[in-house]
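Q: Fold the stuff below for me.
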Amino acid sequence: MPQLNTLIITDEADPQVQHTFTPNGIQGGVASLEVNSGVPIANTRLTASQVTTSNGKRKTTLKLAVPVVQDSVVNGIARPTIVRTAYVDVTFTADATSSTFERGHIRNMVRAILGSGDVQKLVDDLSPMY
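A: Numbers count the residues shown, from 1 in each chain. Presented below is the predicted three-dimensional model:
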């Protein structure tokens, strides 16, 4: 079982930038990590959980929430406000008889799919498939 540790991700847009996800605890079997922005509502959040379903499958779920925050000024007082949030949910479900190789293989396939040109156009450019 992996221990909840700091996770450092290099930014794809700017390889000089690294996002440091710091452990924020485990509640109800859900591990939480955050990139500290200095303003808690603006923190990027990553959660990870794993459950065994009633039919014995292992279900691993990763969720990422990336808020965009701007200062809202009311009566001369600036207050950070969430303008919008981008979400990503990834769920891997593996049969109890699956091998380490098979589980690693599907994870690597997802990584390759996310890097493909068509998926980039679908997600980045909001260009639907036809």
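
Q: Which residue ranges make up the domains of the protein?
A: With domains defined by automatic domain parsing, the chain comprises 7-96, 99-130.

Q: where in the chain is pLDDT low?
A: The model of the chain has pLDDT under 70 over residues 1.

Q: Go again with 90.
A: For the chain, the stretches flagged by pLDDT under 90 are 1-3, 11-15, 74, 78, 115, 117, 128-130.

Q: Quick one: the helices in it, in order.
A: Under the criterion DSSP state H, the chain carries helices at the ranges 100-115, 117-124.

Q: Only C-alpha atoms, please: export the last one in PDB.
A: It stands for helix 117-124. The C-alpha trace of helix 117-124 is given here as PDB (Å, rounded to 0.1, in the frame of the first residue of the first chain):
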ATOM      1  CA  GLY A 117      -3.700  14.600 -30.800                       C
ATOM      2  CA  ASP A 118      -7.400  13.800 -31.100                       C
ATOM      3  CA  VAL A 119      -8.000  13.900 -27.300                       C
ATOM      4  CA  GLN A 120      -6.000  17.100 -27.100                       C
ATOM      5  CA  LYS A 121      -8.300  18.700 -29.600                       C
ATOM      6  CA  LEU A 122     -11.300  17.300 -27.800                       C
ATOM      7  CA  VAL A 123     -10.300  18.600 -24.400                       C
ATOM      8  CA  ASP A 124      -8.100  21.600 -25.100                       C
END
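
Q: about what we covered before: in JSON lines: the helices of the chain, plus distance to residue 4 and mean neighbour count.
A: No exception for glycine: its C-beta is placed from N, CA and C like everyone else's. Formatted as JSON lines, these follow (distance: least, Cβ to Cβ, whole Å; neighbours: other Cβ atoms under 10 Å):
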{"stretch": "helix 100-115", "distance to residue 4": "19", "mean neighbour count": "11"}
{"stretch": "helix 117-124", "distance to residue 4": "28", "mean neighbour count": "11"}
